[in-house]
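# Here is a sequence together with a model predicted from it:
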Amino acid sequence: MVDDATKSQLARIPLLTVKAGPRDADQWPARLKEEYQSLIQYVKNNKDADNDWFRLESNREGTKWFGKCWIYDNLVKYEFDVEFDMPVTYPSTAPEIAIPELDGKTAKMYRGGKICLTDHFKPLWARNVPKFGIAHAMALGLAPWLAVEIPDLIQKGAVVAKS
């Protein structure tokens, strides 16, 4: 299911150990620290590979995340707002990543612009709780979704580059 290049990239993203969600007041700060460390390493890996494609930040509590993601197609940059809330059952439940401006433009999206990860990503996430975190959701969820869906939306004229 995962190609060798993706496995190699994934192996360089630190795994997480703390099984805590936003409702676990005593352990959530430790989990959040691991999340940030993993994300920082993933972004560094991407920059080192000249594959920088997103920026994320969170609210103070680490329960709401937002930022930008982008993809290049034929040397043209397409940039989108990305957002998600941490589920109350996190990390047992993966975050539902949304690109609100694409809501309704593809069948592989739920209401509110939440990208469809049901068939491929969610079973993988379930097998890797609590080791997977936000960086893994970006690498194995959003990145492949963008790579498949955005070129198709561009070809259909549903997405145009911002000047």
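Okay, I see it.

# which SS state does the spatially most central residue of the chain fall under?
Nearest to the geometric centre of the chain sits residue 138, at 2.4 Å (Cα atoms, centre = their mean). At residue 138, secondary structure determined by DSSP: H, G, I helix; E, B strand; the rest coil is helix.

# Now for it: which residues touch it?
39, 42, 54, 56, 97 (Cβ atoms under 8 Å, 6 or more residues apart in numbering). No exception for glycine: its C-beta is placed from N, CA and C like everyone else's.

# Name the nearest residue to the fourth one, sequence neighbours excluded.
Using Cβ to Cβ, 6 or more residues apart in numbering and skipping residues adjacent in sequence, the residue nearest residue 56 is residue 67, 4.0 Å away.

# report the longest helix in the protein, please.
Secondary structure of the chain read by DSSP state H shows that its longest helix is helix 28-48.

# Next, the angle helix 28-48 makes with the following helix or strand past it.
Downstream of helix 28-48, the first helix or strand assigned by DSSP states H and E is strand 54-58. Using axes from the mean of the first three to the mean of the last three Cα atoms, to 10 degrees, the direction of strand 54-58 lies 160 degrees away from that of helix 28-48.

# and strand 54-58, which residues are buried?
Residues of strand 54-58 classed as buried: 54, 56, 58 (neighbour count, 16 or more other Cβ atoms under 10 Å).

# which one of these sits closest to residue 83?
Ranked by distance to residue 83 (Cβ to Cβ), the buried residues of strand 54-58 are led by residue 56 at 9.3 Å.
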